[in-house]
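J.: Whatever this is, show me its structure:
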Amino acid sequence: MIITLEEIRRFLGRPLQDPYGRAYGRIVGISANLRDEVTAVGVEVGNGEFVQCPGDRLSISGENLVLLPAWKQESDVFRKEFEVVTKRLRALDELFSVGDIQKDVYEDLRKQHEDAINQLKSKRIEILETLNLRTGTLGTQLRQLQTHRA
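T.: Just a heads-up that it's a prediction; the model follows:
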């Protein structure tokens with residue numbers, strides 16, 4: 001989702017949250033392109049460090065600005081792309097089955113869409129690897145927390 005400078009300006013100096021409502025840091029700056037689309041926000045994360053968060057991972061939820069985790073944004077983009085390609089492939093098959101397009105055009109377009117699906121499959125593998133790494137990290141953190149509690 002593209003957020004404009006006008007929409008986000010009111011969040012300057014306010015907290016940036018994660019999707020679970022936890023404070024990530026305080027917004028100290030906003031970067032935008034020539035079309036006034038937010039490209040990044042500068043965030044002071046509480047320990048004196050500053051980070052830059054990409055604009056495509058930001059969303060507005062009520063009165064809060066929310067930073068989506070990278071894996072969540074990647075998986076949402078993947079899901080949308082996969083849905084579009086599979087819908088187009090079904091529509092293409094339907095057009096061919098009723099005789100609305102010629103066989104050579106159908107085969108060319110089908111190959112293009114199958115190539116896109118194969119690219120998405122490799123992207124899916126990358127996302128799954130990222131999620132597996134994140135799951136491993138969370139498992140380690142959970143064991144550490146349980147050890148400290150014991």
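J.: Same question for stretch 73-82: list its buried residues.
T.: Buried residues in stretch 73-82, counting neighbours by 16 or more other Cβ atoms under 10 Å, are found at 73-75, 82. For the C-beta atoms, the positions are set from N, CA and C on the backbone; glycine is no exception.
J.: So for Phe11, what's the nearest residue that isn't a sequence neighbour?
T.: With Cβ to Cβ, 6 or more residues apart in numbering as the measure, Leu65 is the residue that lies nearest to Phe11, at 4.4 Å, once sequence neighbours are left out.
J.: quick check, the one you found in a strand?
T.: Yes - when classified by DSSP: H, G, I helix; E, B strand; the rest coil, Leu65 is found to be part of a strand.
J.: and it, how many neighbours?
T.: Neighbourhood size, Leu65 [other Cβ atoms under 10 Å]: 25.
J.: Equivalent analysis for Val43, please.
T.: Here the count is done by other Cβ under 10 Å, and Val43 has 21 residues near it.
J.: Can you give me the separation between it and Ile101?
T.: As defined by Cβ to Cβ, to the nearest Å, Val43 lies at a distance of 51 Å from Ile101.
J.: Ser59 now?
T.: Plainly put, Ser59 is 39 Å away from Ile101 if you go by Cβ to Cβ.
J.: Residue most distant from the centroid, the protein?
T.: Checked against the mean C-alpha position of the chain, the extreme residue using Cα atoms, centre = their mean is Gly99, at a distance of 38.6 Å.
J.: So it: helix, strand or coil?
T.: Here Gly99 takes the coil state, with states given by three-state DSSP.
J.: Identify the residue nearest the geometric centre of this protein.
T.: The centroid of the chain falls nearest to Gln73 when counting by Cα atoms, centre = their mean (1.3 Å).
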